[in-house]
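Trainee: Structure of the sequence below:
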Amino acid sequence: MKIVLVAINAKYIHSNLAVYNLKAYANEYTDQIEIAEYTINQYTEQILMDIYKRKPDILAFSCYIWNIDYVRELVVNIKKVLPEVSIWLGGPEVSYDAPKVLEQYLEVDVVLCGEGEETFYELLCHVDKQKSLENVAGIVYREGKHITQNPMREPMNLSEIPFIYDDLAPFENKIIYYESSRGCPFSCSYCLSSIDKRLRFRDLELVKQELQYFLNANVSQVKFIDRTFNCKREHAYEIWSYLQEHDNGITNFHFEVAADLFSEKEIELFKTMRAGLIQLEIGVQSTNEETITEIKRVMAFAKVADMVAKIQRTGNVHQHLDLIAGLPFENYERFMQSFNQVYALRPEQLQLGFLKVLKGSYMEEQKGKYELIYTSKSPYEVLCTKWLSYAEILALKGVEEMVEVYYNSGQFEHTIPYLEKCFDTPFALYESLSRYYEERGLHLLQHNRVARYEILFAFAKMNDEKHTKEYQELLAYDLYLRENMKNRPAFLGADKNEEEEIIAFYNREEKEFLHLKGYAGFGKRQLRKMTHIETFEFDIIGNMRKKRCVLLFDYKNRNPLTHQATVISLAKEIQKV
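Mentor: Predicted coordinates for the structure are as follows:
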C-alpha cells in the first residue's frame, strides 16, 4: 500500500505542517507514505504528471482556501489516469460540508473532518486490514452510491503529536512552522478557528526541547501557527522567557497575538530581548466599536494602541498590524478612520486585507443580512457589501498596493512622513498616490526599486513643488540606507561629494578604522566598495535645515529590524574645500 500526501502551498518558501504531522503520527506506515509538496505557481499538468509517476494506491490532499481550486481540478483528472486510486481530502476547506464535497466530486472516496492525525492513522489501519469504516470517527465516506457521515472525533492530546523536524533537510530555505496550541478562545465571525473552542496546549517542557532543537540548528525563522499565541499568558510568557534566555543571536520567532492581552510583565521582558528575536502579528481588523461587536470580536483598541506604543519603544520587536476591509458597519469613510488610527501607531508593517467569506463561518451565514457579494471561487473575497461598493473596494485595492510599496517595504521611511504633511491624513496620501499611478497607467507596469523612487519624486514635486530639493535629498537618504548604489540614479542629480575629501577619508580609515567597525583587514578600495559617502545640502538626520551634511553608510553593520545601514556623520572629518 503506497500513500502519497499532497500539499499545494502558496509559495515555495512555505511548507505544510499538516501532512508532515499525519505521516509522523501514522508511524506504523511511515515507510509506505510519501509527501509531495507543490505550489500554486506550478501548472496543474505538471503536478498531475508527477503524481501519476508516483503510482499511489491512496492519494490524500490537504485542502485550504488558496489551493482548493487546484485540488478540485486534479482529483477529476487523476481519476482518469489512475482509476484505481483512492482519493482522500482533508483540511478546513472541505471539513465544513463534507457530504456535499462527496456529492459534487464522485472521484473522492473519503473526507477527513477536523484535526486529522488520529483519524488518518485509524483510517489507514482499517483500510490496510480491510475493515469497515463505520467506526472511524471524524470521516465522511462513500460506499457505492451511499454517503456515510461518522461522528466527529474528540480533540486529541497535542503533546502526543511527534516532532516532525528531526531531519531539517526537506525544509531548507523554507519557513519552519510550529504549533504549541490548538483552538481559539474568541468567536470572530469571519474566522473558522472560532468554531473550535477546545483550546489545548502542548506540554511546555516538550515545547522547550523542540525550540532548543531549532536554536541549536540556527534556523532562520520559526513561525508559530497558534491562532492567538498569548491567550494563555503563563504559556506565552514561559516560552518567550525561554527564547530570551537561550537566544542564539540568529533565529527569529513569529507569533500571532492579541495586543490587548499584554501586561507590563511582557513589555519588560521584550525590553531585554535581542532586536529581531521575535516579531508580532496583531490583528486589529477595525477600530469601529460597532463593527467589533458585530463580528463577535473581543478587542479594546485603546489598550491595543497603548501596548503597541510600549512595544515600539523597546526598539526590539517588529510589529505587523492587520486591518480587514469589507466588515459590517464599516463604509469607506469609516474604514479610512480605522486606517488612520492604526497608521498613527507606526507599526513596521500595516497589512490592509480584504474580507474572505469562508464557507462554514458565521460571516457566511449573515451574507444576506450584510448584502455580502463575494467571488464564487476561492479565496471568496468580498466584492461589495451593504456599506461598501465595488468601486470603493477597488479604490481600497489601490491604497493597499501603495501601502505595500511605499510603507511596508520600509524603503521610504523618511520621505513618506515628510510628504504626509501635504495631505489631510495618511490615507489621503496613499489614495492620491494610487490615483496618480492609475491616471498614468503606472499600475499596469512592473517597476524596479529605483523606478519606485523616481515615481515618488515626480509625485512629490507635483504636490509640493517648493520643497523639490528636500524630497530629492530625502529620497537619496532612503535609497542609500537600503542600497549600496554605485551607479547614481539620474533623478538624484549631480554627486555633491568632493573627491579629494573622500579619498583622504578612506586613506585615514584604512590605517585607523575610527568609524568602520568590523572592517579590519580590508584595504581602502574594498572599504569604498562596501560603504558609501553622500553629501547633502540639508541636515538630513536633523531638522532639514539648510546645512551641509556628509554621511557615511555602513552596509556591513545593518539594523536587525529594518536592515538599514548604520549611518555615521562625517561633519567633523570632511570639511568643504
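
Trainee: Now name the helix or strand holding the closest residue to residue 497 other than its chain neighbours.
Mentor: Leaving aside its chain neighbours, residue 497 sits nearest to residue 535 (4.9 Å; criterion: C-beta to C-beta, 6 or more residues apart in numbering). To be clear about C-beta, it is placed using only N, CA and C from the backbone, and glycine gets the same treatment. Secondary-structure assignment from DSSP states H and E places residue 535 in strand 531-538.

Trainee: Check which helices and strands whichever helix or strand comes after that strand is in contact with.
Mentor: On the C-terminal side of strand 531-538, the nearest following helix or strand under DSSP H and E is strand 546-558. Other elements packing on strand 546-558 under the criterion 3 or more C-beta pairs under 8 Å, 6 or more residues apart in numbering; DSSP states H and E are helix 468-482, strand 531-538, strand 565-569.

Trainee: what packs against the last one?
Mentor: Put plainly, it is strand 565-569. Other helices and strands packing on strand 565-569, by 3+ C-beta pairs under 8 Å, 6+ apart, are helix 468-482, strand 546-558.

Trainee: got any ranges where the stretch 451-577 of the chain has weak pLDDT?
Mentor: Per-residue confidence of the stretch 451-577 of the chain (counting by pLDDT under 70) places the weak regions at 572-577.

Trainee: thinking again about what came up before, buried residues, the strand holding residue 535. List them.
Mentor: When neighbours are counted by 16 or more other C-beta atoms under 10 Å, the buried residues of strand 531-538 are found to be 531, 532, 533, 534, 535, 536, 538.

Trainee: now, which of those residues sits nearest residue 372?
Mentor: Proximity of the buried residues of strand 531-538 to residue 372, judged by C-beta to C-beta, is greatest for residue 538, which lies at 50.4 Å.

Trainee: returning to that earlier point: export the buried residues of strand 531-538 to CSV and tack on distance to residue 106?
Mentor: Converted to CSV, the buried residues of strand 531-538 look like this (distance: C-beta to C-beta, whole Å):
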residue, distance to residue 106
531, 66
532, 64
533, 70
534, 67
535, 72
536, 70
538, 71
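
Trainee: Specify the beta-bridge partners of the residue nearest to residue 497.
Mentor: The bridge-partner assignment for residue 535, based on DSSP bridges, gives residue 550.

Trainee: so what's it up against?
Mentor: Listed by C-beta atoms under 8 Å, 6 or more residues apart in numbering, the contact set of residue 535 reads 495, 496, 497, 498, 548, 549, 550.

Trainee: Just among those, which is most surrounded?
Mentor: When neighbours are taken as other C-beta atoms under 10 Å, the top entry among these is residue 550 (23 neighbours).

Trainee: Go ahead and confirm that residue touches residue 533.
Mentor: Yes: counting by C-beta atoms under 8 Å, a contact exists between residue 550 and residue 533, whose distance comes to 6.6 Å.

Trainee: so residue 305 touches residue 345, yeah?
Mentor: Yes: using C-beta under 8 Å, residue 305 makes contact with residue 345 at a distance of 5.9 Å.

Trainee: Kindly list the main-chain dihedrals of residue 289?
Mentor: Recorded main-chain torsions at residue 289 are phi -60, psi -40, according to degrees, to the nearest 10.

Trainee: And for residue 466?
Mentor: With angles defined as degrees, to the nearest 10, residue 466 sits at phi -70, psi -10.

Trainee: Quick one: neighbours of it, just the number.
Mentor: Neighbouring residues of residue 466 were enumerated by other C-beta under 10 Å; the total is 7.

Trainee: same question, residue 280
Mentor: Counted by other C-beta under 10 Å, the residues lying close to residue 280 total 24.

Trainee: Residue 265 too?
Mentor: Other residues near residue 265 number 10, with proximity taken as other C-beta under 10 Å.

Trainee: Next secondary structure element downstream of the helix or strand encompassing it?
Mentor: Here residue 265 is covered by helix 264-271, with elements defined by DSSP H and E. Remark: after helix 264-271, the chain's next helix or strand is strand 278-285, criterion DSSP H and E.

Trainee: Tell me what angle that following strand forms with helix 264-271.
Mentor: Taking axes from the mean of the first three to the mean of the last three C-alpha atoms, to 10 degrees, one finds strand 278-285 and helix 264-271 inclined to each other by 130 degrees.

Trainee: mind saving the C-alpha coords of whatever helix or strand comes next after strand 278-285 as CSV?
Mentor: Scanning forward in sequence from strand 278-285, with DSSP H and E defining helices and strands, the next element found is helix 289-294. In CSV, the C-alpha atoms belonging to helix 289-294 read as follows (Å, rounded to 0.1, in the frame of the first residue of the first chain):
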residue,chain,number,x,y,z
GLU,A,289,-16.7,49.5,18.1
GLU,A,290,-19.9,48.7,16.3
THR,A,291,-18.0,46.6,13.8
ILE,A,292,-16.0,44.8,16.5
THR,A,293,-19.2,44.0,18.4
GLU,A,294,-21.0,42.7,15.3
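
Trainee: Sweet, I'm off.
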